[in-house]
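Chemist: Please find the sequence and the predicted model below.
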Amino acid sequence: RKGTGFGLWYSGDGGHHLCCSIPLSSLIKTSGLKLRFCTNETQATREKFVKKLQGMGFDISVDEVTAPAPAACRILKERSLRPHLLVHNDLVPEFAEIDKANPNCVVIGDAAENFTYANLNEAFRVLIGMEKPVLISLGRGRYYKETDGLKLDVGAYMKALEYACDVQAEVVGKPAKMFFESALAEMGVPPQQAIMIGDDIVNDVGGAQRCGMRALQVRTGKYRPCDENHPHVKPDAYVNNLAEAVDIILQQL
């Protein structure tokens, strides 16, 4: 489901670094490689996200997760912005320390059932009433996969507000360059020594490659065969699943 598409960043003394999108974290750690979980999850706090994955057997802690909401909070504080939030109810605690009175910007995430006409229109009215509207999006994904099928992601609603308000959103989640650079900086890993493994041809593969990283696409999750004919993004390689990718990389250490 959405929220299990995240990144693992690995690095070792031999100069090999890796980022990927599903478990096997214990195997990665015991091999001496660094890791980072990079997620566009905006339906839950990092704490809740980590607790769920720990319950599934993941070796993961909150400080190993790079996520859009904390990045957005840093931007809000640095620029003294007060957001009108159009996000999932479960994500609101991430903004607990942010002043939200008299909003001078809109922050949009994957609000799921909160994406009603009334809520979108309220966000529109906030933006259209500004001399210089500021729209911050916690991602720009087009869709994601749940157990009951594909669902519209935040990018579709972000585009609606961009069009209506004649504004360009500032994206803080994948595939934004700032997002990947933040994760690399937190680990002290240069992009040339990092590999991203993900199922999203644009957000995972394309975003990482624009930062100078190598990127692999797994043929699982939201992957579709047509991804292999993408006109702009070409992964460095395809793998059938994460286990296969990890095996190949560890064999080269």
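Modeler: Everything's here; your move. Numbers count the residues shown, from 1 in each chain.
Chemist: helices and strands of this structure: which one has the lowest mean pLDDT?
Modeler: strand 10-11 (a mean of 32; mean pLDDT, DSSP states H and E).
Chemist: now N89: how far from Y143?
Modeler: 21 Å (CB to CB, to the nearest Å). The C-beta positions use only the backbone N, C-alpha and C, and glycine is treated the same way.
Chemist: in the stretch 151-253 of the chain, what spans have low per-residue confidence?
Modeler: By pLDDT under 70, the low-scoring segments of the stretch 151-253 of the chain are 253.
Chemist: Let's see that with 90 instead.
Modeler: Residue ranges of the stretch 151-253 of the chain with pLDDT under 90: 151, 173-175, 178-179, 181-189, 193-195, 197-198, 203, 220-222, 241-253.
Chemist: Which residue ranges of it form strands?
Modeler: 170-171, 195-198, 214-218, 237-239 (DSSP state E, counting those that start in this stretch).
Chemist: Touching the first one from outside, list them.
Modeler: If I follow you right, that is strand 170-171. Contact partners of strand 170-171, identified using CB atoms under 8 Å, 6 or more residues apart in numbering, comprise I75, V134, L135, I136, S137, G139, R140, M158.
Chemist: 10 Å - rerun?
Modeler: For strand 170-171, contacts defined as CB atoms under 10 Å, 6 or more residues apart in numbering pick out 40, 68, 72, 75, 105, 107, 134-140, 154-155, 158, 176-179, 203, 207.
Chemist: list the contacts for L120?
Modeler: L120 neighbours (CB under 10 Å, 6+ apart): L86, I108, A111, N114, Y157, A160, L161, A164.
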